[in-house]
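Undergrad: quick check, what structure comes out for this input:
(one chain, ligands or ions: 1)
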Amino acid sequence: MGEKVDNLVKITDQEFEIIRKIMYEQTGVFLRDTKKTLVVARLRKRLAHLGLTNFEQYIAILKSRDKKEVETFINAITTNETNFFRHPKQFELLLSRILPDLRAHKTQSGQKSLCFWSAACATGEEPYTIAMLCREFFGDDPSWTVRIYASDINSDVLAFAQQGVYAPRSVREVPEKYLKKYFQKQELDSAHGKEERYKITDDIIRQVQFRQHNLLTPFVVNHIDVVFFRNAMIYFDDTSKRDVLKRIYHNMASYSYIFISLAENLPYRGALFEFIGMGIYHRTG
Ligand SMILES: C[S@@+](CC[C@H](N)C(=O)[O-])C[C@H]1O[C@@H](n2cnc3c(N)ncnc32)[C@H](O)[C@@H]1O
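TA: From the prediction side, this is the model:
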């Protein structure tokens with residue numbers, strides 16, 4: 001019996017270091033050693049697609065600043081896991097505490113508008129959840145304007161998000177009431193038979209403005225009342241975290257909130273942001 005031959009394209013430690021450096025410079029994301037197998041598996045597919053036989057050739061393309069390939073590289077490597085109502089307790093607090101507080105604050109200063117930013121929105125479940133909760137809170141009150149911006153560096157996930165059509169696993173935490181009100185169930189024919197999909201209602205889709213944006217660069221919208229910056233910092237090292245957070249701080253209104261995930265720590269806690277509870281912070285000053 002002959003030994004099984006491993007045909008996979010090999011990556012040297014030095015090549016992985018270069019890949020890691022390019023990703024870090026482009027996005028602030030630091031590829032930890034634990035991610036190596038996953039990253040290399042994803043890139044092997046890309047090499048095969050381009051007809052390349054080794055990583056040296058691929059690195060040469062990335063280093064030539066081929067913008068399209070760098071974008072495809074980033075799209076292949078970022079982790080875009082998300083779902084509707086992820087960390088549901090935070091959304092309960094948004095509805096029961098943060099929105100009433102902001103409405104009172106804004107009403108006092110005579111401004112009937114609110115601005116949200118989902119600052120690493122992946123496939124869009126987070127900003128659409130915000131849109132549904134704002135609809136619940138304000139109803140059809142025409143005197144209030146709600147703007148919701150959603151951004152990500154990954155152009156593939158943004159294109160997906162704008163369709164507003166999701167698989168059952170994305171809606172697994174959606175309360176029944178919201179599922180009935182804001183989704184239309186569809187059945188698709190696929191190679192595996194019938195598949196369920198959930199399409200968001202058009203008025204919720206229209207509520208969210210998607211933009212491609214790299215958090216290492218300035219975001220054009222200012223005076224934002226609530227920022228959702230959840231489950232992105234975990235991929236950054238301390239330097240990128242601090243850099244991004246300082247930038248986000250300047251996009252926020254002086255009286256505003258930021259939500260991070262329960263697994264994350266916020267730099268500048270106490271200095272720029274005051275802890276409220278449940279991954280929610282108030283901007284100071
Ligand atoms: C795990 S998803 C988070 C989705 C959502 N916020 C949530 O909590 O469910 C992380 C997202 O961060 C994005 N990301 C990573 N680096 C980025 C950068 N430099 N600028 C903008 N987005 C970035 C990835 O493309 C990915 O979609």
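Undergrad: please count neighbours and contacts with C-alpha atoms only from this point.
TA: OK.
Undergrad: next helix or strand past the one helix or strand in the chain whose mean pLDDT sits lowest?
TA: Between all helices and strands in the chain, the lowest mean by mean pLDDT, DSSP states H and E belongs to strand 183-190, at a mean of 92. Sequence-wise, the next helix or strand downstream of strand 183-190 (DSSP states H and E) is strand 193-200.
Undergrad: what does that following strand rub up against?
TA: Contacts to strand 193-200, defined as Cα atoms under 8 Å, 6 or more residues apart in numbering, come from residues 164-168, 171, 182-189.
Undergrad: apart from its chain neighbours, what residue comes closest to Asp152?
TA: Closest residue in space to Asp152, ignoring its immediate chain neighbours: Ala120 at 4.7 Å, by Cα to Cα, 6 or more residues apart in numbering.
Undergrad: got the contact list for that neighbour?
TA: Contacts of Ala120 (Cα under 8 Å, 6+ apart): Ala150, Ser151, Asp152, Ile153, Phe229, Arg230, Ala232.
Undergrad: next up, phi/psi of it, please.
TA: phi -170, psi 70 (degrees, to the nearest 10).
Undergrad: returning to what we had before: buried among the contacts of strand 193-200? Need that as a selection in PyMOL.
TA: In PyMOL syntax, the buried subset of the contacts of strand 193-200 is picked out as below (16 or more other Cα atoms under 10 Å):
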select buried, resi 164+165+166+171+182+183
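Undergrad: closest to the ligand out of the contacts of strand 193-200?
TA: Proximity of those to the ligand was ranked by Cα to the nearest ligand atom; the top entry is Val171 with 12.3 Å.
Undergrad: can you give me the helices in the stretch 51-200 of the chain?
TA: For the stretch 51-200 of the chain, helices defined by DSSP state H, counting those that start in this stretch occupy the ranges 55-63, 67-77, 88-93, 99-108, 125-138, 155-163, 176-182.
Undergrad: pipe those into a markdown table and attach mean pLDDT and distance to the ligand per row.
TA: Below are the helices of the stretch 51-200 of the chain laid out as a markdown table (pLDDT from 0 to 100; distance: least, Cα to the nearest ligand atom, whole Å):
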| stretch | mean pLDDT | distance to the ligand |
| --- | --- | --- |
| helix 55-63 | 96 | 17 |
| helix 67-77 | 97 | 7 |
| helix 88-93 | 98 | 11 |
| helix 99-108 | 97 | 19 |
| helix 125-138 | 98 | 6 |
| helix 155-163 | 98 | 7 |
| helix 176-182 | 98 | 18 |
